[in-house]
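**Student:** sequence and predicted structure, then a few things I'm wondering about:
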Amino acid sequence: MQFLARFVRLIDSLNDAIGRGVAWLTIPLVVITFLVATLRYGFSVGWVSMQESYMWLYGIIFMIGAGYTLLHGGHVRVDVFYRPASARYKAWVDLLGTIFLLLPVLTLVFIYSYPYVMTSWKRLEGSQETGGLPGLFLFKSVILVFCVLMALQGLSLAARSILVLTGHREFEINEEEHEGV
């Protein structure tokens with residue numbers, strides 16, 4: 001059980017650090033979005049690369065931050081049943097949900113997106129738009145990073161659930177740490 005406890009702490013720390021780091025990308029996202037809107041509607045000026053950059057930033061924030069969101073309980077749940085439940089019930093729901101829903105879906109996404117991403121890398125794909133951003137292959141790689149980070153966090157959630165089910169109360173989900181995500 002010590003291995004599981006160390007695994008949970010390691011993965012949770014990794015996704016927490018990545019999530020906090022990626023959160024800083026919201027500042028350039030807001031600035032670029034403001035500039036695009038101001039330039040387009042105020043001055044009738046627009047650059048495709050600038051417009052694409054805020055879409056790419058949003059995608060990166062969403063995809064890379066998904067593991068952080070799972071760590072802090074920010075994904076959609078049926079809280080009417082989950083929130084008032086006992087720690088054991090929550091552990092069972094998290095364990096079974098991870099095994100039968102999260103990990104199979106992430107596996108399928110990874111399997112089907114891998115050739116898509118590799119084809120993009122082989123072509124060193126860039127934007128299809130004139131004046132768009134080069135390096136679209138890098139952006140598409142974020143799909144695979146998303147799958148890996150989410151799968152790791154899912155495994156951490158499953159390991160945490162096993163620890164709770166075997167009596168390690170210190171791994172019970174703390175509702176206060178989930179507030180505000």
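**Tutor:** Looks like it came in fine. Numbers count the residues shown, from 1 in each chain.

**Student:** identify the residues contacting stretch 61-77?
**Tutor:** With contact meaning C-beta atoms under 8 Å, 6 or more residues apart in numbering, stretch 61-77 is reached by 12, 15-16, 18-20, 22-23, 25-26, 29, 142-143, 145-146, 149-150, 152-154, 156-157, 173, 177-178, 181. Yep, even glycine has a C-beta here, placed from its N, CA and C like the rest.

**Student:** buried among these? Need that as a selection in PyMOL.
**Tutor:** Remark: buried members of these, expressed as a PyMOL selection using 16 or more other C-beta atoms under 10 Å:
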select buried, resi 12+15+18+19+22+25+29+142+143+145+146+149+150+152+153+154+156+157+173
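
**Student:** helices - which of the contacts of stretch 61-77 land there?
**Tutor:** Per DSSP state H, helices hold the following members of these: 12, 15-16, 18-20, 22-23, 26, 29, 142-143, 145-146, 149-150, 152-154, 156-157, 177-178.

**Student:** okay, now the unreliable bits of the chain?
**Tutor:** 78, 174-181 (pLDDT under 70).
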